[in-house]
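Student: pasted the sequence and its predicted model underneath.
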Amino acid sequence: MNEYFLGKQPILDRNQNLVAFELLFRTDQIRNTANTTNDLSATANVIVNTYSQLGIQNTLGQQLSFINVDTQLLMSDTILLLPSKNVVLELLETIKITEDIVHRCSELKRMGYQLALDDVIEINDGIEQLFPFMSVVKVDVLALGKNALSALVNRLKHYPFRLLAEKVETREQASYCMEIGFQLFQGYYFAQPNIIMGKCVDPARLALLKLITLVNNENDINKIEIEVKQQPALIYKLMRIVNSAACSFPQKIDSIKHAIMALGLRHLRRWLQLLLYATEESNVGMTNALLQTAATRGKMMELIFIIEYPHTESQHDRAFMVGVLSLLDVLLSIKMQEIVDILNIPAEMSQALVTRDGRLGKVLKLIEAKEKGDFAIVQEILSELGFLNLNELIQIELEALSGGIRINEAA
């Protein structure tokens with residue numbers, strides 16, 4: 001996994017309450033600088049890390065994020081991947097204002113996006129065309145003397161957007177900006193960007209996580225087919241498994257949609273969950289061991305829930321999934337909370353995976369205690385469950401180990 005770094009600088013109101021963060025690309029944890037000449041690349045890095053790796057809730061909580069946008073990103077459909085309720089699109093001063101830019105800003109505002117202008121130091125005809133679509137205008141206070149700054153603010157006050165003083169570095173600057181009417185503040189005087197470090201999930205595994213989410217929440221075979229088609233290696237593995245003798249289908253599978261329908265969403269979901277542990281050729285010994293343990297946990301949890309809820313297949317599936325996913329934090333070296341955020345799974349499953357609480361969590365905790373040979377905890381949980389004894393648990397474990405969950409064709 002590659003490390004990534006993200007700068008997060010607070011934006012405050014007049015009472016120094018936190019109202020937003022600006023997200024900034026950073027190349028390392030030590031230097032608080034970006035060292036990049038490519039605005040689109042830097043912004044893309046921020047978007048990917050915030051929304052795909054860290055998870056927006058982990059990064060920002062309830063606050064808005066200001067994200068720098070250049071001409072290319074502003075005009076592309078990629079920007080629509082950003083959730084309008086969470087972001088403010090901050091137009092860089094390098095954008096040349098044209099009719100197309102004005103039209104695009106109008107369009108984005110109609111779609112519910114908030115927009116901001118960055119590094120404003122004067123009003124000209126080009127900038128003024130964008131004012132009707134702006135929620136915030138950021139003024140570079142370092143670039144202007146007191147008189148020029150006051151004059152600019154007096155002109156900007158007549159517009160309905162909020163004024164943000166950026167690059168505020170001293171107490172005197174902060175007091176003066178407050179005095180002349182700024183509503184929002186950002187700069188080293190208040191706080192330097194906080195550097196967040198994380199690890200990028202292997203793209204193949206991230207794609208699998210997203211596909212699992214789609215299969216969990218979507219019964220539209222066409223949408224699932226479209227997602228599978230974007231992953232050539234997965235197509236190969238899927239066709240191999242459904243055409244294998246082990247599957248015993250009456251006819252050969254000749255299309256992706258046919259393969260998905262023949263396998264069924266339930267089996268597809270389980271196959272994808274196990275495939276997560278077999279995507280990398282490196283660390284083969286570790287992944288094989290994790291795979292075996294994850295498969296056994298999943299099957300044991302399923303068998304236990306079949307005993308407790310014999311007629312509720314959805315409970316069996318959830319139990320299996322919790323068992324299989326319970327080792328992903330070890331495999332991916334990221335927090336389990338980040339994984340469940342990506343998967344968007346039901347609360348009871350998230351609770352089981354993150355804190356081992358709830359019925360699912362209790363059974364997972366039981367299986368983990370059995371793996372460790374901690375029979376005091378095993379007996380305690382068996383007593384709490386009330387429908388299972390130690391001999392039955394051992395028989396369930398033996399059945400899970402000999403069940404032969406077939407993923408050899410997937411590896």
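Tutor: Perfect, thanks for sending it.
Student: can you mark which positions in stretch 181-190 are buried?
Tutor: For stretch 181-190, burial by neighbour count (16 or more other Cβ atoms under 10 Å) applies to F182, Q183, L184, F185, Q186, G187, Y189, F190. Where you see a C-beta, it was placed from the backbone N, CA and C, and this is true even at glycine.
Student: swap in stretch 113-129?
Tutor: Neighbour count says stretch 113-129 has Y113, Q114, L115, A116, L117, D118, D119, V120, I127, Q129 buried, by 16+ other Cβ under 10 Å.
Student: how about those residues in TSV, adding distance to E384, pLDDT and secondary structure?
Tutor: What follows is the buried residues of stretch 113-129, written out as TSV (distance: Cβ to Cβ, whole Å; pLDDT from 0 to 100; DSSP: H, G, I helix; E, B strand; the rest coil):
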residue	distance to E384	pLDDT	secondary structure
Y113	50	94	coil
Q114	50	96	strand
L115	55	96	strand
A116	54	96	strand
L117	60	95	strand
D118	57	93	strand
D119	61	91	strand
V120	63	93	strand
I127	66	91	helix
Q129	67	94	helix
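Student: as TSV, the residues you listed with distance to A165 would be great.
Tutor: Putting those into TSV (distance: Cβ to Cβ, whole Å) gives the following:
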residue	distance to A165
Y113	23
Q114	18
L115	18
A116	13
L117	13
D118	13
D119	12
V120	11
I127	17
Q129	23
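Student: return the member of those residues nearest to F21.
Tutor: Of all those, F21 sits closest to A116, with 13.0 Å by Cβ to Cβ.
Student: can you give me the helices in the stretch 251-400 of the chain?
Tutor: 256-263, 265-275, 284-308, 313-325, 328-332, 336-343, 347-355, 358-372, 375-385, 390-402 (DSSP state H, counting those that start in this stretch).
Student: okay, now the domains of this structure?
Tutor: 3-199, 203-402 (automatic domain parsing).
Student: and the last one, what's its mean pLDDT?
Tutor: It refers to domain 203-402. For domain 203-402, mean pLDDT rounds to 80.
Student: chain center to that domain: distance?
Tutor: 20 Å (Cα atoms, centre = their mean, to the nearest Å).
Student: with the first one instead?
Tutor: Here domain 3-199 shows a centroid-to-chain-centroid distance of 22 Å under the convention Cα atoms, centre = their mean.
Student: now name the helix or strand holding the residue in the chain sticking out farthest from the centre.
Tutor: Within the chain, N147 marks the point farthest from the mean C-alpha position, 45.4 Å out by Cα atoms, centre = their mean. Using DSSP states H and E, N147 sits in helix 146-156.
Student: list the buried residues of the next helix or strand along the chain from that helix.
Tutor: As assigned by DSSP H and E, the chain's next helix or strand after helix 146-156 is strand 162-166. Neighbour counts over strand 162-166 (16+ other Cβ under 10 Å) mark R162, L163, L164, A165, E166 as buried.
Student: which SS class is I11?
Tutor: Of the three states, I11 takes strand under DSSP: H, G, I helix; E, B strand; the rest coil.
Student: residues near it, how many?
Tutor: For I11, the neighbour count with other Cβ atoms under 10 Å is 24.
Student: quick check: bridge partners of it?
Tutor: Using DSSP bridges, the beta-bridge partners of I11 come out as A20.
Student: check contacts around it.
Tutor: If a contact means Cβ atoms under 8 Å, 6 or more residues apart in numbering, then I11 has L18, V19, A20, F21, E22, F66, L164, L184, F185, Q186 as its contacts.
Student: was I right about the fourth one contacting S65?
Tutor: Spelled out, that is F21. Yes - using Cβ atoms under 8 Å, F21 is in contact with S65, at 5.5 Å.
Student: pLDDT weak spots in the stretch 51-200 of the chain?
Tutor: Along the stretch 51-200 of the chain, the model assigns pLDDT under 70 to residues 51-62, 78, 81, 191-200.
Student: tell me where it has helices.
Tutor: Under DSSP H, counting those that start in this stretch, the stretch 51-200 of the chain gives helices at 56-60, 71-75, 99-110, 125-130, 146-156, 171-180.
Student: rebuild those as CSV, extending it with distance to K299.
Tutor: Formatted as CSV, these follow (distance: least, Cβ to Cβ, whole Å):
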stretch, distance to K299
helix 56-60, 31
helix 71-75, 46
helix 99-110, 49
helix 125-130, 59
helix 146-156, 65
helix 171-180, 61
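Student: so which of these comes closest to G373?
Tutor: For those, the distance to G373 is smallest for helix 56-60, at 34.7 Å, taking Cβ to Cβ.
Student: please name the nearest non-neighbouring residue to V168.
Tutor: G187 (3.3 Å; Cβ to Cβ, 6 or more residues apart in numbering).
Student: distance of that neighbour from L12?
Tutor: 10 Å (Cβ to Cβ, to the nearest Å).
Student: can you tell which of the helices of the stretch 51-200 of the chain is closest to L274?
Tutor: helix 56-60 (26.3 Å).
Student: what sits closest to A116 if chain neighbours are left out?
Tutor: The nearest residue in space to A116 (Cβ to Cβ, 6+ apart) is V136, at 3.9 Å.
Student: now do the contacts for that neighbour.
Tutor: Taking Cβ under 8 Å, 6+ apart as the contact definition, V136 lies against F66, V88, Q114, L115, A116, L117, F161, R162, L163, L164, L184.
Student: any idea which of the helices of the stretch 51-200 of the chain gets closest to A294?
Tutor: helix 56-60 (23.9 Å).
Student: for Q337, which non-adjacent residue is closest in space?
Tutor: V354 (5.4 Å).
Student: identify the residues contacting that neighbour.
Tutor: V354 neighbours (Cβ under 8 Å, 6+ apart): M336, Q337, V340.
Student: just those now: which is nearest N216?
Tutor: After measuring the contacts of V354 against N216 - Cβ to Cβ - the closest member comes out as V340, at 11.7 Å.
Student: these two touch, right, that closest one and A352?
Tutor: No - V340 lies out of contact with A352 (Cβ under 8 Å); the separation is 9.6 Å.
Student: neighbour count winner among those two?
Tutor: Counted by other Cβ under 10 Å, V340 and A352 do not tie: A352 has more neighbours, with 29 against 22.
Student: next up, the contacts around the more buried one.
Tutor: A352 touches V322, G358, L360, G361, L364, counting by Cβ under 8 Å, 6+ apart.
Student: separation between it and A174?
Tutor: A352 is 48 Å from A174, where distance means Cβ to Cβ.
Student: cool, and Q379?
Tutor: Distance, Q379 to A174, using Cβ to Cβ: 63 Å.
Student: please consider this matter closed, and thank you.
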